[in-house]
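Student: here is a sequence with its predicted model. Questions after.
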Amino acid sequence: MDFCPKCGKLLQTEKDKKGNTVVICYKCGYKRQLEEDENVTLTEEIKHDMVKEMTVVFDKTEIDTTKPVKEMYCPKCEQNQKISFWMIQTRSADESPTRFFRCTACDETWREYD
Ligand SMILES: [Zn+2]
Ligand SMILES: [Zn+2]
């Protein structure tokens, strides 16, 4: 059970077109993917797949302008661009979260490897 951080309405769980579970606010349109830590413990292999899947999902998502942006090298543009970045806890809570980057110029999205 979760409430919308924007308007405080109860969020509904729904499958999107790609079969991913999302929580959605019918009032203001707020939407996010269900986080994996809201569920069961997963095997390493499944976690790995989910990370890949998440990367694909984010690729299709509109650039979220609320995310912080910094100047850094984009491997696709092969030059410095404004890159938005965010952290996701992909594994157990005692491991550091994975950082994702997206180039605001070409939409290339990648994750930071250790
Ligand atoms: Zn809302
Ligand atoms: Zn780029």
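Tutor: Structure received. Numbers count the residues shown, from 1 in each chain. Ligands and ions are numbered 1, 2, ... in the order given.
Student: which stretches in the chain count as helices?
Tutor: Counting by DSSP state H, the chain has these helices, from start to end: 44-60.
Student: low pLDDT regions in it?
Tutor: The model of the chain has pLDDT under 70 over residues 1, 35-66, 90-93, 113-114.
Student: Cys74: neighbouring residues, count only.
Tutor: Under the neighbour criterion other Cβ atoms under 10 Å, Cys74 is assigned a count of 19. C-beta coordinates here come from the backbone N, C-alpha and C atoms, glycine included.
Student: beta-bridge partners for it, please?
Tutor: With DSSP bridges as the criterion, the beta-bridge partners of Cys74 are Gln79.
Student: you'd agree it is up against Cys106?
Tutor: Yes: applying Cβ atoms under 8 Å, one finds Cys74 in contact with Cys106, separated by 6.6 Å.
Student: next, show the common contact partners of those two.
Tutor: Residues touching both Cys74 and Cys106 (Cβ atoms under 8 Å, 6 or more residues apart in numbering) are Gln81.
Student: residues of this protein that sit close to ligand 2?
Tutor: With the criterion set to Cβ under 5 Å from the ion, the chain comes near ligand 2 through 74, 76-77, 81, 103, 105-106, 108.
Student: if we go to 8 Å?
Tutor: 74-77, 79, 81, 83, 103-108 (Cβ under 8 Å from the ion).
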